[in-house]
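S.K.: Would you be able to build a 3D model of this:
(4 chains)
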There are 2 protein chains.
Amino acid sequence: MGRARGRSQKGEDTRLLLYQTAVQLFAERGYEQTTMRDIAAEAGVSVGLLYRYFPNKSAVVLALYDALSADYAERMVTLAPGAWATRAMAALETSLEVLGPHRAALAALSAELVSTSGHGLFAEPTAFSRARVQRAFADAVAGADDAPDGELCAALGRQLYVAHLAVILWWLLDKSPAQRATSRLLGLLRLAAGGLGPMLLLLPGARAAVMQIDEVVTDALL
Amino acid sequence: MGRARGRSQKGEDTRLLLYQTAVQLFAERGYEQTTMRDIAAEAGVSVGLLYRYFPNKSAVVLALYDALSADYAERMVTLAPGAWATRAMAALETSLEVLGPHRAALAALSAELVSTSGHGLFAEPTAFSRARVQRAFADAVAGADDAPDGELCAALGRQLYVAHLAVILWWLLDKSPAQRATSRLLGLLRLAAGGLGPMLLLLPGARAAVMQIDEVVTDALL
DNA sequence: CTATAAAAATGAACATGTTCATCTCATTGA
DNA sequence: TCAATGAGATGAACATGTTCATTTTTATAG
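M.R.: The predicted structure follows:
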């Protein structure tokens, strides 16, 4: 009997069931109001099993982030050509579009962004999705009409990645109705990107400045 | 028998004992590794009593932040005269000097800065110390030789306050040895404050830009 | 001095994230 | 067919933040 599928798929089915149940509950009641026991019960499964597939509670929300970052990377391959500043802004806006529908479920992400202990967005298990998003930003700059040379490209990509994390944090903390403050912030940034962006790298000392900032960024976070 | 002190001081004594014990343990083992039971036991007291004086664990670290912010405000009254950008930088650096010796104990502050739920640095119980620090930044700008008019002053003060929170967050997350990345960051900022600062507000549209940003900041956070 | 009410203090119990010894069952090799 | 094996699954137990009914202490009124 059995085993119609490629290889023991039972486990993957269970993981998916647990994942979907969890995401649904997070969306309905929020992260903190959702108990690991709730998730297990709703899925008709024991708590222990939940921990077989997700090492801890934050891993569940990080799995959601991972799925969304894959979605994001997919969207980014069709990024319209243009100046690097414009493409970077588009990359930023796309990231919020992708995360947008799951803001309630992602509320815990701000804690993960900032977690100093083992797990968190800067820990090992999330290295893959982090690298994926980082690459998307690097490509946004590298694929621009006015792309600077490789070294500068890489540094700019890293800084844009960090800026994108900052914007996401801002968006998560934004208390204004429908996060309109974040929309306005993006409007201001779009203006700046259109106005200052094109000439920014032509300023004397711009390269030195970018490289200095890059050192600070990589030293502190990466 | 009795009551040698002004009024029932027993409670305050106990609170102080608990506070000092907690801060010491946080410094020794870090916030997460210190249990409420640890604190109570070390102080020779029951858990329940600890909760009589601190509504929750984060309140203890927020009490430390409150004490440090009082210290900070005290130091800020002797801020040297000069340009607003220079004074703002000094304010920023002073804040890190004050927090510096307690970085280990304050590790949990990053979570508080970002907490969306009831407690946290943006919640009611911390309103007082938050206002105190905000005022320090406002005064740093308002007391400058080249202080702009009141409206602009207030807006700049608020933005500097938010920037200061961002720098603290960065410093808490900084993984580089002895947080040298943060030192470098401050160096770059100092350079920028010295170079661009004085002429920044003279640029056309500078006022409009600051006021726009102010709207975003107050709408999102305050 | 005693009764009493308010403040201080206690410790058991609860909620929830997490771990672990144990059990069940499907697949596989003989 | 059947024993063996390992993945899948279980639920009790643990750790820690938090609450609360209760007891003890202290200060004061009578």
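S.K.: check whether the lowest-mean-pLDDT helix or strand in chain A contacts chain B.
M.R.: Of all helical and strand segments in chain A, the minimum by mean pLDDT, DSSP states H and E falls on helix A:197-200, at a mean of 88. No: Helix A:197-200 lies apart from chain B when judged by C-beta under 8 Å from any C-beta of the partner chain; the minimum separation is 13.5 Å. All C-beta atoms are positioned from the backbone trio N, CA, C, and that covers glycine.
S.K.: residues of that helix that come out buried?
M.R.: A:197, A:200 (16 or more other C-beta atoms under 10 Å in any protein chain shown).
S.K.: And the pLDDT for the residue nearest the centre of chain A?
M.R.: Most central in chain A under C-alpha atoms, centre = their mean is A:Ser69, positioned 5.5 Å from the mean C-alpha point. A:Ser69 carries a pLDDT value of 96.
S.K.: show me what contacts it?
M.R.: A:129, A:132-133 (C-beta atoms under 8 Å, 6 or more residues apart in numbering or on different chains).
S.K.: Any chance of JSON lines for those, columns secondary structure and distance to DNA strand D?
M.R.: Shown next, in JSON lines, are the contacts of A:Ser69 (DSSP: H, G, I helix; E, B strand; the rest coil; distance: C-beta to the nearest atom of the strand, whole Å):
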{"residue": "A:Ser129", "secondary structure": "helix", "distance to DNA strand D": "23"}
{"residue": "A:Arg132", "secondary structure": "helix", "distance to DNA strand D": "26"}
{"residue": "A:Val133", "secondary structure": "helix", "distance to DNA strand D": "29"}
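S.K.: between these, which is nearest chain B?
M.R.: Minimum distance to chain B across the contacts of A:Ser69 is 17.7 Å, recorded for A:Val133 (C-beta to the nearest C-beta).
S.K.: Could you look up the SS state of the residue nearest to the centre of chain A?
M.R.: Assigned with DSSP: H, G, I helix; E, B strand; the rest coil, A:Ser69 falls in the helix class.
S.K.: quick one: contacts for A:Leu188?
M.R.: By C-beta under 8 Å, 6+ apart, the contact list for A:Leu188 reads B:209, B:212-213, B:216.
S.K.: Now do the lengthiest helix in chain A, average pLDDT.
M.R.: In chain A, with assignment by DSSP state H, the single longest helix is helix A:150-173. Helix A:150-173 shows a mean pLDDT of 95.
S.K.: what about A:Ala178, neighbour count?
M.R.: Other residues near A:Ala178 number 8, with proximity taken as other C-beta atoms under 10 Å in any protein chain shown.
S.K.: my bad, should have said A:Asp149
M.R.: A:Asp149, neighbours per other C-beta under 10 Å, totals 9.
S.K.: that older thread, please report which of the contacts of A:Ser69 has the highest neighbour count.
M.R.: Highest count within those by other C-beta under 10 Å belongs to A:Val133, 22 neighbours.
S.K.: wait, that one sits on A:Tyr72?
M.R.: Yes: between A:Val133 and A:Tyr72 there is a contact under C-beta atoms under 8 Å: 6.6 Å.
S.K.: For the two, list the residues in contact with both.
M.R.: By C-beta under 8 Å, 6+ apart, the residues touching both A:Val133 and A:Tyr72 are A:Ser95.
S.K.: rewinding a little: in the longest helix of chain A, which residues are buried?
M.R.: Here helix A:150-173 shows A:152-162, A:164-165, A:167-173 as buried, counting by 16+ other C-beta under 10 Å.
S.K.: Which strand or helix spans whichever residue of chain A sits closest to DNA strand D?
M.R.: Relative to DNA strand D, the nearest point of chain A is A:Gly48 (1.9 Å; C-beta to the nearest atom of the strand). Assigned by DSSP states H and E, A:Gly48 falls within helix A:47-53.
S.K.: now for that helix, which elements pack on it?
M.R.: Applying 3 or more C-beta pairs under 8 Å, 6 or more residues apart in numbering or on different chains; DSSP states H and E, one finds that helix A:47-53 contacts helix A:10-29, helix A:36-43.
S.K.: Give me the contact list for it.
M.R.: Residues contacting helix A:47-53 (C-beta under 8 Å, 6+ apart): A:11, A:14-15, A:18-19, A:36-37, A:39-40, A:43.
S.K.: Could you tell me the average pLDDT over it, please?
M.R.: 97.
S.K.: Report the backbone C-alpha coordinates of the host helix or strand of A:Asp214 in CSV.
M.R.: A:Asp214 is part of helix A:206-221, with elements assigned from DSSP H and E. C-alpha atoms of helix A:206-221 as CSV (Å, rounded to 0.1, in the frame of the first residue of the first chain):
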residue,chain,number,x,y,z
ALA,A,206,30.4,60.5,-2.6
ARG,A,207,32.3,57.3,-3.2
ALA,A,208,34.4,57.7,0.0
ALA,A,209,31.2,58.4,2.0
VAL,A,210,29.4,55.3,0.7
MET,A,211,32.4,53.1,1.4
GLN,A,212,32.8,54.5,4.9
ILE,A,213,29.2,53.9,5.7
ASP,A,214,29.5,50.4,4.3
GLU,A,215,32.3,49.6,6.7
VAL,A,216,30.1,50.7,9.6
VAL,A,217,27.2,48.7,8.4
THR,A,218,29.0,45.5,7.8
ASP,A,219,31.0,45.9,11.0
ALA,A,220,27.9,46.3,13.1
LEU,A,221,25.4,43.9,11.6
